[in-house]
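Asker: this one's sequence-less:
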Ligand SMILES: CC(C)=CCC/C(C)=C(\C)COP(=O)(O)OP(=O)(O)O
Ligand SMILES: [Mg+2]
């Protein structure tokens with residue numbers, strides 16, 4: 001392990017980046033395809049299994065949806081897309097003898113036909129250390145959960161999640177920045193919105209007050225103490241405040257502000273979902289996708305530079321093409337959640353919106369066909385993300401942009417791997 005160095009990114013005084021900073025240097029040679037190829041070095045994990053050969057005879061409706069499944073498994077078919085196919089078209093490639101360690105294939109199955117990139121097994125030494133430290137933080141620093149929720153906390157496997165999503169973090173201290181925030185974000189979702197006492201009723205008030213743990217109240221001397229006390233008054237607020245204090249101590253002011261903005265987006269998404277639940281409104285598919293662009297993992301990949309110990313300058317982060325990359329990455333990762341948490345959410349009380357459920361109801365498809373269509377939506381988002389990232393890498397091949405794009409892509413892949421392997425939390429439907 002190299003010398004950990006300081007936790008705060010090396011940002012120093014930086015002049016604003018002139019637009020010309022993105023002009024490709026004559027010698028860079030960066031092309032969109034070079035960038036894509038370097039993003040996903042091969043790892044020794046088998047591609048998702050195609051459907052078994054001994055399927056029972058199918059009805060005409062099932063045959064039509066099989067065609068959809070085959071299309072997903074086949075992958076894109078245009079010129080130059082053969083490397084994107086999920087089933088071998090010719091002879092299988094010769095295995096690389098020096099592949100990184102593979103996750104045991106028995107630990108959770110990928111959604112068949114889902115376009116994704118396998119990742120190396122997260123470093124077990126780091127996973128163990130992050131898991132140990134996050135439990136101490138949760139129990140001793142923020143009193144996150146009552147004893148009876150300990151099993152669920154452990155089953156969430158946040159250490160494996162964050163080590164897998166941030167392979168370039170220089171130290172465990174850097175990984176802890178992301179891990180605390182991930183735990184805090186989930187604590188608020190569970191306790192305010194979902195199955196640990198959450199409800200759509202009154203959610204706006206609760207979320208706004210919790211948001212002040214991230215974006216502080218600046219008010220008069222008379223009212224400041226009551227606000228300060230409120231930050232210790234429930235587990236989500238204790239977790240938000242502590243996780244944000246650690247994060248802001250390591251981030252630059254603009255990185256901390258980026259995170260606040262992304263969390264405001266997330267909170268707006270929670271509120272739209274809650275408003276629809278209160279009125280039993282079933283959104284159109286595109287409306288659901290718009291809500292899910294906000295109720296979204298976005299705040300997690302966008303801290304990849306702070307966790308990596310460097311800074312993507314604010315003006316490069318704000319570029320419309322970077323914003324598109326980030327939005328597509330967030331959307332693909334969040335639809336991954338909809339697919340893996342489908343059966344968990346079907347079994348939860350009431351109607352829990354997720355993409356397959358909304359497609360089934362709005363487009364009058366069977367649960368299986370709706371699920372397969374949701375896989376196709378995901379795959380299109382993933383391909384759009386990769387194309388947008390490759391275009392941006394070509395248009396702006398500066399080191400921080402390239403590293404940030406790689407960090408976001410690593411987060412996307414690590415997120416998929418965590419969902420695939422978290423069989424404590426998720427299980428696939430019986431559609432194949
Ligand atoms: C970590 C983070 C920023 C979470 C915010 C939004 C969120 C909880 C998700 C995108 C996960 O979706 P969902 O609430 O459906 O989670 P589960 O399916 O219950 O795991
Ligand atoms: Mg879900």
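Answerer: That came through fine. Just so it is clear, the structure is predicted and the values come from calculations on it, not from any experiment. Numbering: from 1, shown residues only. Ligands and ions are numbered 1, 2, ... in the order given.

Asker: and this structure, which residues reach ligand 2?
Answerer: Contact residues, the chain versus ligand 2 (Cβ under 5 Å from the ion): 337, 341. Quick note: C-beta positions are derived from backbone N, CA and C, even for glycine.

Asker: Helix or strand, whichever it is, which one in the chain has the lowest mean pLDDT?
Answerer: When each helix and strand of the chain is scored by mean pLDDT, DSSP states H and E, helix 60-74 comes last, with a mean of 38.

Asker: Now the helix or strand just after that helix: buried residues?
Answerer: With elements assigned by DSSP states H and E, the helix or strand that comes after helix 60-74 is helix 124-136. Residues of helix 124-136 classed as buried by neighbour count (16 or more other Cβ atoms under 10 Å): 126, 127, 129, 130, 131, 133, 134, 135.

Asker: And helix 124-136, what does it pack against?
Answerer: With contacts taken as 3 or more Cβ pairs under 8 Å, 6 or more residues apart in numbering; DSSP states H and E, helix 124-136 sits against helix 158-165, helix 172-188.

Asker: does it come close to ligand 1?
Answerer: No - using Cβ under 6 Å from any ligand atom, helix 124-136 stays clear of ligand 1, with a minimum separation of 13.9 Å.

Asker: give the contact list for whatever residue of the stretch 201-350 of the chain ends up closest to ligand 2.
Answerer: Per Cβ to the ion, the residue of the stretch 201-350 of the chain with the smallest distance to ligand 2 is residue 341, at 3.2 Å. Shown in contact with residue 341 (Cβ atoms under 8 Å, 6 or more residues apart in numbering): 354, 419, 425, 426.

Asker: Tell me which residues touch the first one, please.
Answerer: The neighbourhood of residue 354, defined by Cβ under 8 Å, 6+ apart, consists of 337, 338, 341, 342, 345.

Asker: try 7 Å this time
Answerer: Shown in contact with residue 354 (Cβ atoms under 7 Å, 6 or more residues apart in numbering): 338, 341, 342, 345.

Asker: Roughly how far does the residue of the stretch 201-350 of the chain closest to ligand 2 sit from residue 355?
Answerer: According to Cβ to Cβ, to the nearest Å, residue 341 and residue 355 sit 11 Å apart.

Asker: quick revisit: can you tell me which of the buried residues of helix 124-136 lies nearest to residue 397?
Answerer: Taking Cβ to Cβ as the measure, residue 397 lies nearest residue 126 of these, at 30.0 Å.

Asker: Leaving out the residues flanking it, which one is nearest to that closest one?
Answerer: Leaving out its chain neighbours, the residue that sits closest to residue 126 by Cβ to Cβ, 6 or more residues apart in numbering is residue 163, at 4.6 Å.

Asker: between the contacts of residue 341, which is closest to ligand 2?
Answerer: Nearest to ligand 2 among these, with distances taken as Cβ to the ion, is residue 354, at 5.7 Å.

Asker: And the pLDDT for that closest one?
Answerer: Per-residue pLDDT puts residue 354 at 97.

Asker: Number of residues surrounding residue 115?
Answerer: Residue 115 has 24 neighbouring residues, counting by other Cβ atoms under 10 Å.

Asker: tell me the contacts of residue 178?
Answerer: Residue 178 makes contacts with 162, 166, 303, 307, as judged by Cβ under 7 Å, 6+ apart.

Asker: How about the first one: what's its closest non-neighbour residue?
Answerer: Spatial nearest neighbour of residue 162, excluding adjacent residues (Cβ to Cβ, 6+ apart): residue 179 at 4.5 Å.

Asker: quick one: the residue in the chain positioned nearest to ligand 1 from residue 203, how far?
Answerer: Closest contact between the chain and ligand 1, by Cβ to the nearest ligand atom, is at residue 341 (3.0 Å). Between residue 341 and residue 203 the distance, using Cβ to Cβ, works out to 20 Å.

Asker: what does residue 269 give?
Answerer: Distance of residue 269 to residue 203, given as Cβ to Cβ: 12 Å.

Asker: where along the stretch 251-400 of the chain do the helices fall?
Answerer: Along the stretch 251-400 of the chain, counting by DSSP state H, counting those that start in this stretch, helices occupy 253-278, 285-294, 304-308, 314-317, 320-340, 342-346, 355-362, 367-395, 399-421.

Asker: Give me whichever of those helices is most buried.
Answerer: Each of the helices of the stretch 251-400 of the chain was scored by mean neighbour count; the highest is helix 304-308, a mean of 25, by mean count of other Cβ atoms under 10 Å.

Asker: Tell me how many other residues crowd the residue nearest to residue 162.
Answerer: Neighbours around residue 179, by other Cβ under 10 Å: 27.

Asker: surely it meets residue 135?
Answerer: No - taking contacts as Cβ atoms under 7 Å, residue 179 lies outside contact range of residue 135: 10.4 Å.

Asker: Dihedrals phi and psi, residue 117?
Answerer: Residue 117 adopts backbone torsions of phi -120, psi 120, taken as degrees, to the nearest 10.

Asker: The one 5 residues further on now?
Answerer: According to degrees, to the nearest 10, the main-chain angles of residue 122 amount to phi -60, psi 140.

Asker: Could you do residue 201 as well?
Answerer: phi -70, psi 120.

Asker: Where does pLDDT dip in the stretch 1-150 of the chain?
Answerer: 1-6, 8-21, 23-106 (pLDDT under 70).
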